[in-house]
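Trainee: Predicted model follows, preceded by the sequence.
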Amino acid sequence: MKIGKILKIIRTSKGLTQNQMSKLLGISQNYLSLIEQDKKSPSAEAIANFASSLSISKDALLLISSEVPVELNGKDTEDFQRLQQNILSLLLYQTSGELPTSA
């Protein structure tokens, strides 16, 4: 899952507008919009700042936004994707206090 989609999921789970989220992250609303639309990719430093601003693990954020390693196949791919989904669910619980029904 791309970082933009993850940030949008976190933003909406917290009940924040793009304007509110952009202020929390210290970026412009336009830049956040471009990230959420996958038209811009934030740097690793920006992702670390986002994680810090959201009080979540940078490593978890990077893991759930990473592509499935090409070395994995079959069940390993499914397990990796399930792990990403579980970590996202935990991050959403951490940020909003609610477990998502589906992300």
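Mentor: Thanks, I have it. Numbers count the residues shown, from 1 in each chain.
Trainee: helix, strand or coil for residue 85?
Mentor: helix (DSSP: H, G, I helix; E, B strand; the rest coil).
Trainee: Residue 22 versus that one, what's the distance?
Mentor: In this view, residue 85 and residue 22 are 26 Å apart by Cβ to Cβ, to the nearest Å. Heads up, the C-betas are built off the backbone N, CA and C, glycines and all.
Trainee: And for residue 40?
Mentor: 13 Å.
Trainee: So these two - more neighbours on which side?
Mentor: residue 22 (19 against 15; other Cβ atoms under 10 Å).
Trainee: The more buried one against residue 34, yeah?
Mentor: No. The criterion here is Cβ atoms under 8 Å, and residue 22 misses it with residue 34 at 10.9 Å.
Trainee: Give me the common contacts of residue 40 and residue 22.
Mentor: residue 31 (Cβ atoms under 8 Å, 6 or more residues apart in numbering).
Trainee: the residue most distant from the middle of the protein, which is it?
Mentor: In the chain, counting by Cα atoms, centre = their mean, residue 74 sits farthest out from the average C-alpha position, at 24.7 Å.
Trainee: Quick one: residues in contact with stretch 14-31.
Mentor: Counting by Cβ under 8 Å, 6+ apart, 7, 11, 32-33, 36, 40, 46, 49-50, 53-54, 95-96 sit against stretch 14-31.
Trainee: follow-up on the earlier one: and the residue farthest from the centre of the chain, backbone torsions?
Mentor: Residue 74 adopts backbone torsions of phi 60, psi -130, taken as degrees, to the nearest 10.
Trainee: With pLDDT, secondary structure and distance to residue 1 added, can I get the contacts of stretch 14-31 in TSV?
Mentor: Listed next are those as TSV, based on pLDDT from 0 to 100; DSSP: H, G, I helix; E, B strand; the rest coil; distance: Cβ to Cβ, whole Å:
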residue	pLDDT	secondary structure	distance to residue 1
7	92	helix	10
11	91	helix	14
32	96	helix	17
33	97	helix	18
36	96	helix	12
40	95	coil	16
46	90	helix	17
49	90	helix	20
50	90	helix	15
53	89	helix	19
54	86	helix	16
95	78	helix	16
96	76	helix	17
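Trainee: No more questions from me, cheers.
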